[in-house]
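1. The following comprises the amino acid sequence and a computationally predicted model.
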There are 2 protein chains.
Amino acid sequence: MADVRNILFIMCDQLRWDYLSSAGHPTLETPNIDALAAGGVQFSRAFVQSPVCGPSRMSAYTGRYMFNHGSSWNSVPLSIGERTLGDYLRPLGLRTVLIGKTHMAADTDGLARLGVDPVSEAGVLVSQCGFEPVERDDGLHPSGFVDPHLAYNEFLKARGYPGDNPWQDWANSAEGPDGEVLSGWLMRHARKPARVREEDSETPYMTDRAIDFIAAQGDVPWCMHLSFIKPHWPYMAPPPYNDLYGPNQCLGVKRDGRERAATHPVVAAFMDHPESVNFRRDEVRDTVIPTYMGLVKQIDDHLGRLFQAMDDQGRMDDTLIVFTSDHGDYLGDHWLGEKELFHEAIVRVPMIVRDPSPAADAARGTVDDRLIEAIDLVPTFIEAAGGTPPAHLMDGRSLLGALRGGGAGDAGGEAPWRDAVFSEVDYAFRSARTTLGLGPDEARAFMLRTTRWKYIHYEGFRPQLFDLEADPDEFDDLGEDAAHADVRAELRERLFAWLRRRKYRTTMDYAAVDVRTGNAHKRGIIVGEW
Amino acid sequence: MADVRNILFIMCDQLRWDYLSSAGHPTLETPNIDALAAGGVQFSRAFVQSPVCGPSRMSAYTGRYMFNHGSSWNSVPLSIGERTLGDYLRPLGLRTVLIGKTHMAADTDGLARLGVDPVSEAGVLVSQCGFEPVERDDGLHPSGFVDPHLAYNEFLKARGYPGDNPWQDWANSAEGPDGEVLSGWLMRHARKPARVREEDSETPYMTDRAIDFIAAQGDVPWCMHLSFIKPHWPYMAPPPYNDLYGPNQCLGVKRDGRERAATHPVVAAFMDHPESVNFRRDEVRDTVIPTYMGLVKQIDDHLGRLFQAMDDQGRMDDTLIVFTSDHGDYLGDHWLGEKELFHEAIVRVPMIVRDPSPAADAARGTVDDRLIEAIDLVPTFIEAAGGTPPAHLMDGRSLLGALRGGGAGDAGGEAPWRDAVFSEVDYAFRSARTTLGLGPDEARAFMLRTTRWKYIHYEGFRPQLFDLEADPDEFDDLGEDAAHADVRAELRERLFAWLRRRKYRTTMDYAAVDVRTGNAHKRGIIVGEW
């Protein structure tokens, strides 16, 4: 194997950490993802920096906490002041492209203020998280709001699917006995087969775009973000994936009566959301989860195809591959549906990294249980591509040391690995906020998770605390338990320290600071001399 | 009087709050500034958001705390993602210009990333804090580093002062008995007359630029930031201002033996800086302070000239005028020289606002002792110009309510006025940081000041606490006093809350958030329905 020349950054949307056979799922078999893990390192305790698509992704693309990059929910633009993966990798010689979803919203006000044409080269890049959008497709295209030029719809139309929006009417709808369209937006239809042929559905389509790109790119180095929309809703799979699994193959629901007694006010407000009310019903879970599993299986099958195509071209030998997700899905666990809170079902994600370098051989096939954050990927990629992660901007830390045997800290570094991970949410955009009577800047919560403890600060409300050793299912909220006051105080203090130390001086690197420290003299400035 | 059409935003550099006769200085008479106060409101407890030029100014120009705008010291570029005064006022019809100093460093990396030509219109504005630089002059031009096109040097040369850098060699130097140049960089020369004629020195020069601009602008609305370099060092005044005052007219030094016992480690490191060691000597104080006073007096005289010129053109009737400073000067108080810590001598500044509107008549000549922050100016200006300050970005609050009789809160608002002000420092660039063995992101401190208490959190060190009622001179550091543990805990908690609530979602306003809250349906997105 050669050293790293290319980077393949695969992200699924809404894929839980525990819905892979490599992570121990008893019935869902994902042999191709498992093989990736066998050839790399599986980080078993990896966490996203926000339990929502947009901010989680912006953290994954910037290497920075949500509180730093500021794009706190879906459609909140990422400021033109933030740098992203492509800004770092392009100067290192990697063509950095997107195939699939980012959930990026462009900072059009910022661009206008600087007079930057949004369709100029720089304008496009800063509007697309720094990626060259070979294929941008956020995977949600309700009729009436769909881009009339959506490439996937053009593809479907060319393949014979009629209508203005075959994404909705064919790929994400089923058909009734009388030929009527049954919308995939409604979960009741989840077990029915999508109207699209499997080979024309979204996952193979995006996989083909990736295979095409890699072939066309030849020996020119690249970083590709292959970003699947599935298993995100609409929960709708083409045959055979709609019918591969049944209710008796699903993981049992994780919920407990204690969670419905003295429920934390914010969690209670989320439990009142329609998706939570619905997912509380067995019928919903039994209908949705088998298809959710089928969608994961479909991704695994097509990843097998992708990896084979890469192998045929020698790309498995020079490509660093990451497989991860932007967050999980409650699927009824904890009496909740969807996402946006901090249970393991949501903030913990798959994180498999396969480094082709011979230096990584020793760790192949291992499971690494240190605490990982999704923001670690940007510095990992920079370092793998031969660069130096800018310490004044990166909240994450390179995983290269972990992959190549540097067990304790960063590659080449001496610092001990972190002993806590952080995640943040801005739920201003959800009904829970109005239920609770909060202003648009008051719906904030912060999670701090160590190996043992999960502490959640909700602005304006009491905290939550879970002892993950004694209570791995997070049923027993110790947020008001008198016996744990000291633990809460200690974790709260850590959160405070984290906020005080955040990286806000983004426009000058540490070397430039060091050069200036105490050196006004060198610029001819004489201060306070007699 | 008409309503506000123009805004004159006057800032001195390094002018303490207490070196004006309007603030009670017993010997320094500043009748023109006093007259401004008599015609407006004098805010007697106004504070800057950082005790250093650059970050204090960036807060004053953005309306945001340093931790939010990120430009934490002199020459740290303000990110292209930040908006400044001109971005708000130009759309409201005010030509927004700079005459004098800003200490802005352009975010050249950010501009390059977006392909913005720094000399394009947008490029110039974003590089100059949003001001149209009618005359940019930061007032520090050591030979060897001076801009060869500096307008003030061109002026001096045309007025007959020879050499490459008459700013240094004439305006900021004196002359020895044998005609030798005595550098103003050295404080020993402070009492000597500058070699420049008074009418050619910096303060009248900048005043003339302001008068010229106002005359040329006629009836077209404007906001002018008239930003004097003085009384900042080099402490050098032209005659007669070098000799107007003597040592017996200076304020007595504010220092106490208690400050030298059990000194806080960070303060102790600053006490070891050369400027502190020098200012501890009576000879230094007796040499520097009379000239410092003379430089203030010179500003007052030329402001008299400016106000007369404005009055002659009717501009006193339609111009909102602010007179303030970016921070103070220790001048030996507290055993310190220069600035960068949080004593009142540094963070408290003059703040006089004269509103020409008839609605402001009732408050003319009053002293308002509520707690004011320099970040209040941007929202004040926006509101005075007929706009609405963007709440999602503004850390400051409009003073218009205070000026026009809305005593309790913002103009038109119901919220009570703040009961604490904040200031922050990043002393990574000072020798104190290396003395203390800190990394480039570890030299941080935060001040929280209420009417009674001043609490300072130093990252990595014990806090300081002062009881400003019992100890207005801040001699008695209660940072480790057992009897005040509760006070410290309460103030520390407020600092924590302040950090948690900071405004980081900068790219979407509250109205846009409210429109989206719970309304995915309206965009065709159906979530979690059965």
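-> Structure received. Predicted model, so just to flag it, every value in this text is computed and none were measured. Numbering: from 1, shown residues only, chains lettered A, B, ... in the order given.

2. Stretch A:54-71: how far from the chain's middle?
-> The chain centroid and the centroid of stretch A:54-71 are separated by 10 Å under C-alpha atoms, centre = their mean, to the nearest Å.

3. Show me where chain A dips below the pLDDT cut-off.
-> A:1-2, A:406-414 (pLDDT under 70).

4. switch the cut-off to 50
-> A:1, A:408-409, A:411-412 (pLDDT under 50).

5. Contact partners for the residue nearest the centre of it?
-> Centroid-nearest residue in chain A: A:Asp326, 1.7 Å away (criterion: C-alpha atoms, centre = their mean). Listed by C-beta atoms under 8 Å, 6 or more residues apart in numbering or on different chains, the contact partners of A:Asp326 are A:11-14, A:48, A:53, A:56-57, A:60, A:349, A:374. C-beta here means a position set from N, CA and C on the backbone, and glycine is covered the same way.

6. Show me which positions of stretch A:152-164 end up buried.
-> By 16 or more other C-beta atoms under 10 Å in any protein chain shown, the buried positions in stretch A:152-164 come out as A:152-153, A:155-156, A:161.

7. likewise stretch A:205-214?
-> A:205-211, A:213-214.

8. between these, which is closest to chain B?
-> A:Met206 (20.4 Å; C-beta to the nearest C-beta).

9. quick check, that closest one in a helix?
-> Yes - assessed by DSSP: H, G, I helix; E, B strand; the rest coil, A:Met206 belongs to a helix.

10. That one and A:Met351: what is the separation?
-> Between A:Met206 and A:Met351 the computed distance is 20 Å (C-beta to C-beta, to the nearest Å).

11. ditto for A:Arg430
-> With distances taken as C-beta to C-beta, A:Arg430 is found 27 Å from A:Met351.

12. Please name the residues that touch A:Arg370.
-> Counting by C-beta under 8 Å, 6+ apart, A:Arg370 makes contact with A:43, A:45, A:402, A:417-418.

13. how about the helices in the stretch 101-250 of chain A?
-> For the stretch 101-250 of chain A, the helices defined by DSSP state H, counting those that start in this stretch cover A:108-113, A:121-127, A:151-158, A:166, A:202-217.

14. Out of the ones you listed, which gets nearest to chain B?
-> Once those are compared by C-beta to the nearest C-beta, helix A:121-127 is nearest, at 3.7 Å.

15. name the helices or strands packed onto that closest one?
-> When contacts are defined as 3 or more C-beta pairs under 8 Å, 6 or more residues apart in numbering or on different chains; DSSP states H and E, helix A:121-127 packs onto helix A:108-113, strand A:132-136.

16. how about these in TSV, adding distance to B:Leu226 and mean neighbour count?
-> What follows is these, written out as TSV (distance: least, C-beta to C-beta, whole Å; neighbours: other C-beta atoms under 10 Å in any protein chain shown):
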stretch	distance to B:Leu226	mean neighbour count
helix A:108-113	25	18
strand A:132-136	47	19
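
17. Rebuild those as JSON lines, extending it with distance to A:Trp530.
-> JSON lines is the format used below for the helices and strands packed on helix A:121-127 (distance: least, C-beta to C-beta, whole Å):
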{"stretch": "helix A:108-113", "distance to A:Trp530": "47"}
{"stretch": "strand A:132-136", "distance to A:Trp530": "59"}
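
18. Tell me how many other residues surround the residue nearest to A:Gly63 when sequence neighbours are not counted.
-> Once flanking residues are discounted, A:Gly63 sits nearest to A:Val378: 3.2 Å by C-beta to C-beta, 6 or more residues apart in numbering or on different chains. A:Val378: 29 surrounding residues under other C-beta atoms under 10 Å in any protein chain shown.

19. Which helix or strand contains A:Val378?
-> Following DSSP states H and E, one finds A:Val378 within helix A:377-384.

20. and that helix, how far from the chain's centre?
-> 16 Å.

21. for the residue lying closest to A:Pro148 once chain neighbours are set aside, what are its contacts?
-> Nearest non-adjacent residue to A:Pro148, counting by C-beta to C-beta, 6+ apart: A:Asp164, 7.8 Å away. Listed by C-beta under 8 Å, 6+ apart, the contact partners of A:Asp164 are A:143, A:146, A:148, A:153.

22. so what's the backbone phi/psi at A:Asp164?
-> Dihedral angles of A:Asp164 (phi, psi; degrees, to the nearest 10) stand at phi -70, psi -30.

23. Ok, A:Pro265 next?
-> With angles defined as degrees, to the nearest 10, A:Pro265 sits at phi -60, psi -40.

24. In contact with it, which residues are there?
-> Contacts of A:Pro265 by C-beta under 8 Å, 6+ apart are A:436, A:458, A:461-462.

25. if I look at A:Asn153, how far off is A:Ala237?
-> Taking C-beta to C-beta, one finds A:Asn153 at 19 Å from A:Ala237.

26. I'd like the helices of the stretch 101-250 of chain A laid out as a markdown table, including distance to A:Thr27.
-> Shown next, in a markdown table, are the helices of the stretch 101-250 of chain A (distance: least, C-beta to C-beta, whole Å):
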| stretch | distance to A:Thr27 |
| --- | --- |
| helix A:108-113 | 46 |
| helix A:121-127 | 42 |
| helix A:151-158 | 31 |
| helix A:166 | 32 |
| helix A:202-217 | 20 |
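
27. A:Ala385: which of these is closest?
-> Closest approach to A:Ala385 among the helices of the stretch 101-250 of chain A (C-beta to C-beta): helix A:202-217, 15.2 Å.
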